[in-house]
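**Q** only geometry, no sequence info:
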Ligand SMILES: CC(=O)N[C@H]1[C@@H](OP(=O)(O)OP(=O)(O)OC[C@H]2O[C@@H](n3ccc(=O)[nH]c3=O)[C@H](O)[C@@H]2O)O[C@H](CO)[C@@H](O)[C@@H]1O[C@H](C)C(=O)N[C@@H](C)C(=O)N[C@H](CCC(=O)O)C(=O)O
Ligand SMILES: Nc1ncnc2c1ncn2[C@@H]1O[C@H](COP(=O)(O)OP(=O)(O)OP(=O)(O)O)[C@@H](O)[C@H]1O
Ligand SMILES: N[C@H](CCC[C@H](N)C(=O)O)C(=O)O
Ligand SMILES: [Mg+2]
């Protein structure tokens, strides 16, 4: 593709080429990482959290970059290749990547919120598939599409990886794709080239306070999905019962979206009654004067919320209400989201859950209480090199809502694991500290009596424990199963 074709994918004037630039040059690929530049690539010099890509423009040029895109005030040495100046180089990258790779599934849906994104994206894919569509999802757990499942690393991939993937999916016949929009992804313009048909919002709680200076800034990043990325008049499906819902509705309405609210206070899908059983819930949902009885085969109040957001997004994107509602009776939970891994011979269940932030932990502990006649036992830790402020908050929540709390390690990364545990323990009166996560799980499983429930929180679907630079194989599922077997032996 010619450089001129990529430039014309952007709004006029948003990128300016130096006079010497030959815009008829062919571009062989796009990248923001100088180490990945191949001859003929267009290199994007982006200012990042750790460093500034401008420092690597020389390396990019020497590896054969055909031109460099940089910010208006970014200081570049003379690198001997044409420079394009962009007002918003991250947005230029996203839009050019979309133009470079071409096709996307016809119906693209994105969901944002602090908790529930993976679950909603997974449910939406399942509803579409149930309705006979070729459907995919991409997010924290990787990519799931007809004939492919791949483990991923980022919740929202960078634009180049994202658009390469969307083009592949489209060429494989996928017509519907649900993706997660993380606040990092939205803030860093990773989704700015996606042609959205529908967007969703679940809730807002404390997360990533190491990256976003305030809650308002965090909310504003999430709201880019509605006020910048969603085309005017397109549907915005918003969970109505969260503290931040009114704000989300206001932003989406102001941006000209067709706002559809779901939940107890929802106007589009209105939740009237929920009956909680141990591993299923029966919900009565009203829509347009019609009454649907949903038998959701999942535990946890929050899964009803996620199912309603997903159903709302499916209906808003063309699935019939009958098909969407019927599909809810057949949903499987996303891997590691309040997932029942096994039970003891006395019938006590052991769940794996991905709660790694305060509200999620609160929700999951509250969700199991109604069907726990004995004790709620929780094993959890907090990740290193991530928001430190959440550690004591999670310690307090665990001791308030569980009967037995075991504090352990969860991806200490470059930090001292004992110091992380100490920050949690400071607010977790009466908790036990066992650093070795496998030993913590074994101890918790060994304690289970009839009527008790175990929650192992924080790692969900993860398959490794990151200690320093190393990722050691680790799975909560495997450790729970091992401990249950030892108990039965
Ligand atoms: C903090 C953060 O979000 N960082 C992301 C960001 O990196 P950055 O631009 O800030 O990188 P940087 O290291 O400062 O470097 C600046 C620029 O110089 C370039 N560079 C750097 C070194 C070099 O030798 N040559 C070179 O060209 C880099 O490629 C980059 O373009 O942009 C990169 C490209 O898209 C991402 O890979 C990277 O994600 C890192 C790996 C990461 O861990 N991100 C996490 C926090 C994240 O994004 N999480 C969210 C949310 C998860 C959730 O829901 O909880 C997600 O969507 O996964
Ligand atoms: N609607 C919800 N409200 C509150 N908590 C929820 C909700 N949905 C899920 N959770 C909790 O959050 C955890 C993560 O859920 P999920 O993976 O669906 O969210 P996510 O937004 O994708 O999270 P992440 O940003 O970490 O990828 C679950 O294991 C559960 O504990
Ligand atoms: N996407 C999240 C996942 C956190 C999962 C938890 N196990 C941890 O390591 O903190 C993050 O990178 O902040
Ligand atoms: Mg997720």
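**A** Now that the structure is in, tell me what you want to look at. Remember, predicted model here, so these are calculated numbers, not experimental data. Residues are numbered from 1 along each chain as shown. Ligands and ions are numbered 1, 2, ... in the order given.

**Q** Show me what from the stretch 101-250 of the chain comes close to ligand 1.
**A** 154, 155, 156, 158, 182, 184, 185, 188 (C-beta under 6 Å from any ligand atom). C-beta coordinates here come from the backbone N, C-alpha and C atoms, glycine included.

**Q** So what's the residue count around the third one?
**A** Burial measure for residue 156: 26 neighbouring residues, criterion other C-beta atoms under 10 Å.

**Q** check contacts around it.
**A** 139, 162, 179, 180, 181, 182, 184, 185, 186, 190, 191 (C-beta atoms under 8 Å, 6 or more residues apart in numbering).

**Q** mind checking how far it is from ligand 4?
**A** Remark: distance between residue 156 and ligand 4 (C-beta to the ion, to the nearest Å) = 9 Å.

**Q** Would you confirm that that residue belongs to a strand?
**A** No - counting by DSSP: H, G, I helix; E, B strand; the rest coil, residue 156 falls outside a strand, being coil.

**Q** Which pLDDT value goes with residue 22?
**A** pLDDT for residue 22: 81.

**Q** and it, how many residues sit next to it?
**A** Look at residue 22: counted by other C-beta under 10 Å, it has 12 neighbours.

**Q** pretty sure it is in contact with residue 81, am I right?
**A** No - at 10.3 Å, residue 22 does not count as touching residue 81 under the criterion of C-beta atoms under 8 Å.

**Q** quick one: average confidence on stretch 259-270?
**A** So the average pLDDT for stretch 259-270 ends up being 98.

**Q** anything in it near ligand 2?
**A** No - applying C-beta under 6 Å from any ligand atom, one finds stretch 259-270 separated from ligand 2 by no less than 9.9 Å.

**Q** Equivalent analysis for stretch 211-221, please.
**A** No - Stretch 211-221 is not in contact with ligand 2 by C-beta under 6 Å from any ligand atom; minimum separation 12.2 Å.

**Q** I'd like the average pLDDT over that stretch.
**A** Mean predicted lDDT for stretch 211-221 stands at 83.

**Q** Centre of the chain to it, how far?
**A** Here the centre of stretch 211-221 is set off from its chain's centre by 16 Å, with C-alpha atoms, centre = their mean, to the nearest Å.

**Q** how about it against ligand 3, any contact?
**A** No - in terms of C-beta under 6 Å from any ligand atom, no part of stretch 211-221 sits within range of ligand 3; the closest distance is 9.3 Å.

**Q** Name the residues of that stretch that come out as buried.
**A** 212, 218, 219, 220, 221 (16 or more other C-beta atoms under 10 Å).

**Q** And these, which is closest to residue 96?
**A** Distance to residue 96, by C-beta to C-beta, is smallest for residue 221 among those, at 22.0 Å.

**Q** Surely that closest one touches residue 182?
**A** No - Residue 221 is beyond contact range of residue 182, at 9.1 Å (criterion: C-beta under 8 Å).

**Q** Show me the domain layout of the protein.
**A** What automatic domain parsing lists as the domains of the chain is 3-88, 102-328, 339-488.

**Q** Could you tell me the end-to-end distance of the shortest one?
**A** Yep, that's domain 3-88 we're talking about. One end of domain 3-88 sits 18 Å from the other (C-alpha to C-alpha, to the nearest Å).

**Q** close to ligand 3, is it?
**A** No - figure legend: domain 3-88 not in contact with ligand 3 (C-beta under 6 Å from any ligand atom); closest approach 13.4 Å.

**Q** Could you confirm whether that domain reaches ligand 1?
**A** Yes - judged by C-beta under 6 Å from any ligand atom, domain 3-88 comes into contact with ligand 1 at 32, 33, 34, 35, 46, 48, 49, 50, 51, 53, 56.

**Q** In a markdown table, list those residues along with pLDDT and secondary structure.
**A** Compiled in a markdown table, the residues of domain 3-88 next to ligand 1 are given as follows (pLDDT from 0 to 100; DSSP: H, G, I helix; E, B strand; the rest coil):
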| residue | pLDDT | secondary structure |
| --- | --- | --- |
| 32 | 98 | coil |
| 33 | 98 | coil |
| 34 | 97 | helix |
| 35 | 97 | helix |
| 46 | 97 | coil |
| 48 | 93 | coil |
| 49 | 89 | coil |
| 50 | 91 | coil |
| 51 | 95 | coil |
| 53 | 96 | helix |
| 56 | 97 | helix |
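
**Q** three-state assignment of residue 441?
**A** Assignment for residue 441 (three-state DSSP): helix.

**Q** show me where pLDDT drops low in the stretch 151-300 of the chain?
**A** Counting by pLDDT under 70, the stretch 151-300 of the chain contains low-confidence ranges at 207-210, 212.

**Q** wait, what's in contact with the closest residue to ligand 3 within the chain?
**A** At 2.1 Å from ligand 3, residue 383 is the closest residue in the chain, using C-beta to the nearest ligand atom. Listed by C-beta under 8 Å, 6+ apart, the contact set of residue 383 reads 356, 410, 411, 412, 413, 458.

**Q** Please repeat the previous calculation with a cut-off of 7 Å.
**A** Shown in contact with residue 383 (C-beta atoms under 7 Å, 6 or more residues apart in numbering): 356, 410, 411, 413.

**Q** I'd like the distance between it and residue 255.
**A** Distance of residue 383 to residue 255, given as C-beta to C-beta, to the nearest Å: 34 Å.

**Q** ok, now residue 52?
**A** In terms of C-beta to C-beta, residue 52 sits 32 Å off from residue 255.

**Q** of those two, who's got more company?
**A** Comparing residue 52 with residue 255 by other C-beta under 10 Å, the one with more neighbours is residue 255, at 19 against 15.

**Q** Would you agree the more buried one is in contact with residue 226?
**A** Yes - counting by C-beta atoms under 7 Å, residue 255 touches residue 226, with 5.5 Å between them.

**Q** Please list the residues of the stretch 101-250 of the chain that sit near ligand 2.
**A** Going by C-beta under 6 Å from any ligand atom, the residues of the stretch 101-250 of the chain near ligand 2 are 113, 115, 116, 117, 118, 119, 140, 155, 180, 202, 203.

**Q** where do the helices sit along the stretch 101-250 of the chain?
**A** 117-130, 159-171, 183-187, 215-224, 245-254 (DSSP state H, counting those that start in this stretch).

**Q** Turn the ones you listed into a markdown table, columns for distance to residue 236.
**A** Converted to a markdown table, these look like this (distance: least, C-beta to C-beta, whole Å):
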| stretch | distance to residue 236 |
| --- | --- |
| helix 117-130 | 14 |
| helix 159-171 | 21 |
| helix 183-187 | 14 |
| helix 215-224 | 10 |
| helix 245-254 | 4 |
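
**Q** circling back to that earlier point, out of the residues of the stretch 101-250 of the chain next to ligand 1, which are close to ligand 3?
**A** Answer for those near ligand 3 (C-beta under 6 Å from any ligand atom): residue 155.

**Q** what's the closest of the residues of the stretch 101-250 of the chain next to ligand 1 to ligand 4?
**A** Minimum distance to ligand 4 across these is 4.8 Å, recorded for residue 155 (C-beta to the ion).

**Q** which two from the contacts of residue 383 end up farthest apart in space?
**A** Largest separation among those by C-beta to C-beta: 356 and 413, giving 13.1 Å.

**Q** the more surrounded of those two?
**A** residue 356 (24 against 15).
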